[in-house]
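> Turn this into a model:
(one chain, ligands or ions: 2)
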Amino acid sequence: MRAATAAEMREIDRIAINDYGIPGVVLMENAGVSVVRMLESKWELLAERKFCILAGKGNNGGDGYVIARHLSNQGAKVKVFLLGEKAAVSGDAQINLDIIDKMGIDTIEISNERDWDKVRVAVTFSDCLIDALLGTGFRGEVSGDMARLIDIINAAGKPVVAVDIPSGVGADTGRVCSKAVQASYTVTFGLPKPGLFLYPGAEYTGELTVADIGIPTAVIAGQDIKQNIIMADAVRAVIPRRSPAAHKGMSGRVLVVAGSRGLSGAAAMAAEGALRAGAGLVTLAAPGSLQDVLAMKLTEVMTKPLAEIEAGSINREAVADIIRLSAGNDVLAIGPGVGREEETAAAVRETITTAECPIVIDADALNALAGNTKLLNECAALPVLTPHPGEMARLTGLSTESVNADRIAIARQAAAEWGSIVVVKGASTVVAFPDGEVYINTTGNAGMATGGTGDVLTGIIAGLIAQGLSSHDAAVAGVYIHGLAGDVAAQAGRIGMVATDLLKAVPAAMYGISSY
Ligand SMILES: NC(=O)C1=CN([C@@H]2O[C@H](COP(=O)(O)OP(=O)(O)OC[C@H]3O[C@@H](n4cnc5c(N)ncnc54)[C@H](O)[C@@H]3O)[C@@H](O)[C@H]2O)[C@H](O)CC1
Ligand SMILES: [K+]
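Ligands and ions are numbered 1, 2, ... in the order given. This next block holds a predicted model:
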């Protein structure tokens, strides 16, 4: 499913109005009615309900006046408050404000302390609050009276319906500068906005409804929108399927180069992640001194010893063996626990630029590329990078906060510069491609914030590539499956969940996607 930025939504509006002749007030009418339809789906008899509509000065507020009219027509009691002056309301919003005025629905301008008292009373005695303060026109940060009103809404303990987007959430980034409305439901118009799926915005959205407000589909299709929301149906279309006559040779071969002294677990989880994603054969190549330990940990995975330095991580001599092994495999996953010694980093860089097969680069292999990202353009196939925000910060020279402040833009720019698929992990994981396409993941939970879950993801993506998925599909499907495995594992409790719980849940997650 596509997700439109605020600017893209405005352009869609403009074309619908100017080129197709759909009056903006018709779009506003459809927007407001779609919110009332959602309310009807929750409460049969709206007539007995009391609604408090908090309107801003823009068209988001305009939607609020349309909602007030339709609720009033159904016999509901409505109170409307405008944070601003009626004189500042214009265009389609003014048309609808005038209509409810003529209907005798009073809109109270919040301008003095008595008005604030009226807001508090109305909010207290309402059954449901309608947040029509800020939509895609929100800029900067929430402060002053807007902040005060959002505090009242959030403290009321009432169901809140956000119109188009919870006020205070950045439509494009999900950023919340100071505060935002905590919505129980959000009804968004035309297309969803990325900010409804990116944290922290996703935490404020509640149950999301995407409403068709009558924009011609050709207008939306005609836009070069490059934000996508990863949904089950898209993953189901690409998830590997196995014939009854399958044998292990048909499900692909994965070579994992990982591990170093003290970091054998990362290697084991990446290797097992590939198996759990359905790869037929997995070989784990690691420093020779770890081979017995890894062989003890991993029954189904073959292990190969690599030359190592005193510190217990691979050295330059290991590269020849890795390249020889990779020739007999469909994909190479390199990095989990591989170590940061300079000799090891040099071996990693040489491996990445020499291997002929598709490659998944994670963890310390990413750190080896810090300051050397140009090497990525030498990869034989489109590499998949799976950095967490800290690794992304090291690779880009940005701070982790900057990476998290606009994951889509940072990931998109890196993917284009590095000629790579860039998976920026975290809430929410974002997958970016060199052509600018970005996919936002919708599965996963905070229980996954535990060591090793990234190693599992590396294995899952490699395992999917081994089964014939393109690196594109493996990255998109892999993050979805990984997060869903985390959701399955979280059923036994989020806090205390560990990465190996995810491993066990991967087959169930894949089965769930492919079978419903
Ligand atoms: N196709 C569609 O998506 C349709 C969307 N509709 C609704 O229109 C809004 C967008 O309306 P717009 O007038 O552009 O902006 P907003 O109403 O969201 O807000 C602008 C309003 O708010 C003030 N403002 C901006 N930032 C702040 C801030 N930080 N603090 C306080 N006030 C702020 C600004 O000055 C303006 O006055 C969209 O979301 C939909 O709800 C159409 O109704 C139908 C088609
Ligand atoms: K809103």
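> From now on I want contacts and neighbour counts done on CA atoms only, so please keep to that.
Will do.
> Residue 165 reaches residue 196, doesn't it?
Yes - at 7.2 Å, residue 165 counts as touching residue 196 under the criterion of Cα atoms under 8 Å.
> Which one's more surrounded, these two?
Neighbours per residue (other Cα atoms under 10 Å) separate residue 165 from residue 196, with residue 165 holding more: 35 against 28.
> Give me the common contacts of residue 165 and residue 196.
171, 205 (Cα atoms under 8 Å, 6 or more residues apart in numbering).
> name the helices or strands packed onto the strand or helix carrying residue 52?
For residue 52, the host element (DSSP states H and E) is strand 50-55. Counting contacts by 3 or more Cα pairs under 8 Å, 6 or more residues apart in numbering; DSSP states H and E, strand 50-55 packs against helix 59-73, strand 77-82, strand 128-132.
> what pLDDT, on average, does that strand get?
For strand 50-55, mean pLDDT rounds to 98.
> tell me the pLDDT at residue 516?
At residue 516, pLDDT is 69.
> give me the number of residues near the closest residue to ligand 1 within the stretch 351-500 of the chain?
Taking Cα to the nearest ligand atom, ligand 1 has its nearest neighbour within the stretch 351-500 of the chain at residue 405, 17.0 Å off. Neighbours of residue 405 under the rule other Cα under 10 Å: 17.
> circling back: nearest to ligand 2, out of the helices and strands packed on strand 50-55?
strand 128-132 (4.4 Å; Cα to the ion).
> partner strands of the closest one, parallel or antiparallel?
strand 50-55 (parallel), strand 160-163 (parallel) (DSSP bridges).
> could you point out which element follows it?
Counting by DSSP H and E, what follows strand 128-132 is helix 144-155.
> any residues touching that next one, and which ones?
83, 120, 123, 129, 160, 179-182.
> closest to ligand 1 out of the helices and strands packed on strand 50-55?
That would be, of these and by Cα to the nearest ligand atom, helix 59-73, which comes in at 3.5 Å.
> before we move on, back to that, ok, and of the contacts of helix 144-155, which contact ligand 1?
Checking those against ligand 1 by Cα under 6 Å from any ligand atom, not one of them is in range.
> Pull out the buried residues from those.
By neighbour count, with 16 or more other Cα atoms under 10 Å, those hold 83, 123, 129, 160, 179-182 as buried.
> Closest to ligand 2 out of those residues?
residue 181 (8.0 Å).
> quick one, what contacts the closest residue to residue 46 other than its chain neighbours?
Of all residues not flanking residue 46 in the chain, residue 76 sits nearest, at 5.7 Å (Cα to Cα, 6 or more residues apart in numbering). Shown in contact with residue 76 (Cα under 8 Å, 6+ apart): 46-51.
> Could you do residue 312 as well?
So residue 312 contacts 260-261, 287, 289 (Cα under 8 Å, 6+ apart).
> Repeat the analysis, applying 7 Å as the threshold.
Residue 312 makes contact with 260-261, 287, according to Cα atoms under 7 Å, 6 or more residues apart in numbering.
> Closest one to ligand 2 out of those residues, please.
residue 260 (50.9 Å).
> what's the closest non-adjacent residue to that closest one?
For residue 260, the closest residue by Cα to Cα, 6+ apart turns out to be residue 313, at 4.6 Å.
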